[in-house]
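**Student:** curious how this folds, go ahead:
(one chain, ligands or ions: 2)
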Amino acid sequence: MSAAIQSVVVPPKEHSIDPRPVEFAFSEQTPRFWFDNDIFKTHYYNAFLTTFPPGEQFFVRSVLHFRDQISDPKLQEQINDFASQEGSHSSAHQKHLDILSKQGYSSLERENRLIDRGSKLFNKLAPKAALAATVALEHFTAMLAHQMYEDPATYVTPAHEDFKPMFLWHAAEEIEHKSVAFDVYQQVDGSYGRRVIAMVFATMGMFLMIPFRMFPLLLKDGIAFKWKTWREGIPFLFGKNGKLTKPWRHYIQFYRRDFHPWDVQDFHLIEDFRRIYEEGKLLTNVDDILG
Ligand SMILES: [Fe+2]
Ligand SMILES: [Fe+2]
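**Tutor:** Ligands and ions are numbered 1, 2, ... in the order given. Down below sits the predicted model:
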């Protein structure tokens, strides 16, 4: 059941963006195929989650570039909290990437170096387009985070215990800060055309990049050229209930001229997470969040 999509553009009163540094338990001892004991599904998450170190640094640079043009003190504070949250996410996913590199999945690190170089150039040469790209990609992260909290049985429960708290933590913080880049964009540019073009490119980039990053991982594990891998894998990614295609109703909201990220009111979905974290039980009582 989808959360209601309402015509309101503000988060609820109790909303706040709270950076929460956490040291997660996943390590080289965590089972290698840590999502549902499945090679393809695990490598989907490996390929996707490890884009965050260079990706989120790009988001932060894109927003900080314009911070001097923001006069609203509340948005200034939100920019700080957004940067702090994304910095912690980037570090947590870098730890994951380092483990994968040690396990011999070295392509991801190489690709990340390229993403990092390319995105720094993008920030420099076209800061407004880079901010629009960040707004588009933050819509993706907000959408995938929403999906995780809306249907944790599908998106979180099959993960190994070591990874579950990290999923819930990152997803919750993405929901908390989902409007920051958008609000900055609206104040410093606000071009609807640029935002839509950015989303078209971001979507193509995501859809091409995930299988591209997955392929060497599947190759290393000897299943890249097996028919069964793709017969089951393509629907897993792009089918009716596919990881990247299922939330299309949420996705297309972005193309409305008057869209705002808080049109999707989903702050209530993360209330249990916020409480459990405050009680210091995130790493021990994750099932209280999953319900
Ligand atoms: Fe993040
Ligand atoms: Fe984010």
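**Student:** pull out the buried positions in the helix or strand hosting P165.
**Tutor:** Following DSSP states H and E, one finds P165 within helix 164-176. For helix 164-176, a neighbour-count test (16 or more other CB atoms under 10 Å) marks 164-176 as buried. (Each C-beta comes from the backbone N, C-alpha and C, glycine too.)
**Student:** so where does whichever residue of the stretch 1-150 of the chain sits closest to ligand 1 fall, helix or strand?
**Tutor:** Nearest to ligand 1 in the stretch 1-150 of the chain, going by CB to the ion, is H89, at a distance of 3.5 Å. Using DSSP H and E, the element containing H89 is helix 73-102.
**Student:** still on that earlier bit, next, the angle from the helix or strand just after the helix holding P165 to helix 73-102.
**Tutor:** Moving toward the C-terminus from helix 164-176, the next helix or strand (DSSP H and E) is helix 180-188. Per axes from the mean of the first three to the mean of the last three CA atoms, to 10 degrees, the angle that helix 180-188 makes with helix 73-102 is 130 degrees.
**Student:** can you tell me what sits against the helix or strand containing K124?
**Tutor:** For K124, the host element (DSSP H and E) is helix 107-125. With contact meaning CB atoms under 8 Å, 6 or more residues apart in numbering, helix 107-125 is reached by 46-47, 50-51, 53-55, 57-58, 61-62, 65, 97, 100-101, 129-130, 133, 213, 216-217.
**Student:** return only those of those found close to ligand 1.
**Tutor:** Counting by CB under 5 Å from the ion, nothing from these sits close to ligand 1.
**Student:** from those residues, list the buried ones, please.
**Tutor:** For those, buried by 16+ other CB under 10 Å: 46-47, 50-51, 53-55, 57-58, 61-62, 65, 97, 100-101, 129-130, 133, 213, 216-217.
**Student:** any idea of the angle the helix holding H89 forms with helix 164-176?
**Tutor:** Using the same axes, to 10 degrees: helix 73-102 against helix 164-176 is 150 degrees.
**Student:** list the helices and strands helix 73-102 packs on?
**Tutor:** helix 39-49, helix 52-64, helix 107-125, helix 164-176, helix 180-188 (3 or more CB pairs under 8 Å, 6 or more residues apart in numbering; DSSP states H and E).
**Student:** give the buried residues for that helix.
**Tutor:** By neighbour count with 16+ other CB under 10 Å, helix 73-102 contains the buried residues 75, 78-79, 81-86, 88-90, 92-94, 96-97, 99-101.
**Student:** distance between the ends of stretch 26-36?
**Tutor:** Stretch 26-36 has an end-to-end distance of 15 Å (CA to CA, to the nearest Å).
**Student:** wait, H89 touches F52, no?
**Tutor:** Yes: between H89 and F52 there is a contact at 5.7 Å, judged by CB atoms under 8 Å.
**Student:** quick one: which helix or strand includes Y277?
**Tutor:** helix 271-278.
**Student:** from the chain's centre, how far out does that helix sit?
**Tutor:** 19 Å (CA atoms, centre = their mean, to the nearest Å).
**Student:** and for stretch 230-247?
**Tutor:** Distance of stretch 230-247 from the chain centroid (CA atoms, centre = their mean) equals 18 Å.
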